[in-house]
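Participant: sequence and predicted structure, then a few things I'm wondering about:
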Amino acid sequence: MIAVENLSKSFVLHNQGGAVITVMAGAALHVDPGECVGLTGQSGSGKSTLMRMIHGNYRVCGGSIRIAGVELAGAEPRAVMALRRDTLGYVSQFLRVLPRVPTVQVVAEPLRALGVAQEVAQARAECLLWRLNIPRRLWSLSPTTFSGGEQQRVNIARGFVHPFPVLLLDEPTASLDAQNRAVVLSLIHEAKARGAAILGIFHDAEARDAVCDRLVDVTGFTPARAT
Ligand SMILES: Nc1ncnc2c1ncn2[C@@H]1O[C@H](COP(=O)(O)OP(=O)(O)OP(=O)(O)O)[C@@H](O)[C@H]1O
């Protein structure tokens, strides 16, 4: 479902005399349906950079990223948007939303984008908000003023509302208490059971051990160690 081959990435710092930072060369990994793979490696080794390339936020310098058979390297923005709508879910650490949109709509939006009826999308969103212990009185309010942990749970609800075949998780349990962390781990297990291919960054070792089938150390892709 996720196939990365011979991937390279450099950043050119145009505002710093054109300095070039090569983060990755020869990166390769795959994630099969029903599998959860964790990215590890020391701080600055390129975990987030790899994740952002797989999400289509960062341009690839060389190599290939295929998601459910679709090549992302050099893909048109329209193709990336279609992939994100249908196939590729992403839960980041930080919620980014338009102001004044009620939480329940924020969560239901990925389903609405797929043409799911409003009542069905809302019911599914409410179910996830309930499971993630967001108080009902908050559902009609914008999440912009919510606490860090509440915002993260809204983000998780939004990421899991559609059964995406591929899921990218960037620290999904980072600021959660034990009870909510257990809910998120259940959601990940359920997604694996329905055949989702999941790639995640988990600094929380206990969470990582609970859900990951394999680990890939990104340090092995840094140029000094690349073959
Ligand atoms: N937009 C950017 N412009 C320039 N350099 C960048 C950019 N994004 C990342 N980098 C560089 O790429 C390297 C890898 O960063 P990245 O955030 O991917 O590491 P990480 O493994 O996720 O680190 P951490 O565990 O600390 O979050 C760093 O040296 C960073 O400075």
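Facilitator: Now that the structure is in, tell me what you want to look at. Just so you know, these numbers come straight off a predicted model, no measurement behind them. Residues are numbered from 1 along each chain as shown.
Participant: tally of neighbours for A182?
Facilitator: Using other CB atoms under 10 Å, A182 is surrounded by 14 other residues. For every residue, glycine as well, the C-beta is placed using N, CA and C.
Participant: cool, and G18?
Facilitator: Taking other CB under 10 Å as the neighbour definition, G18 ends up with a count of 8.
Participant: begin at 21, not 1, for the rest of this chat.
Facilitator: OK, 21 is where the count begins now, so the last one is G38.
Participant: would you mind measuring from it to V32?
Facilitator: Applying CB to CB, to the nearest Å, one obtains 6 Å for the distance of G38 from V32.
Participant: kindly report the same for A128.
Facilitator: Using CB to CB, one gets 40 Å for the distance from A128 to V32.
Participant: okay, the two: which has more neighbours?
Facilitator: A128 (27 against 10).
Participant: residue contacts, the more buried one?
Facilitator: Contact partners of A128, counting by CB atoms under 8 Å, 6 or more residues apart in numbering, are 138, 141-142, 144-145, 181.
Participant: which ones among those residues map onto helices?
Facilitator: Among the contacts of A128, the residues falling in helices (DSSP state H) are 138, 141-142, 144-145.
Participant: chain center to stretch 192-207, what's the gap?
Facilitator: Between the mean C-alpha point of stretch 192-207 and the mean C-alpha point of its chain there is a distance of 15 Å (CA atoms, centre = their mean, to the nearest Å).
Participant: contact residues of the protein facing the ligand?
Facilitator: If contact is defined as CB under 6 Å from any ligand atom, the residues of the chain in contact with the ligand are 31, 41, 43, 61, 63-69.
Participant: got those as a markdown table, with secondary structure columns?
Facilitator: As requested, these are exported to a markdown table (DSSP: H, G, I helix; E, B strand; the rest coil):
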| residue | secondary structure |
| --- | --- |
| F31 | strand |
| I41 | strand |
| V43 | strand |
| G61 | coil |
| S63 | coil |
| G64 | coil |
| S65 | coil |
| G66 | coil |
| K67 | helix |
| S68 | helix |
| T69 | helix |
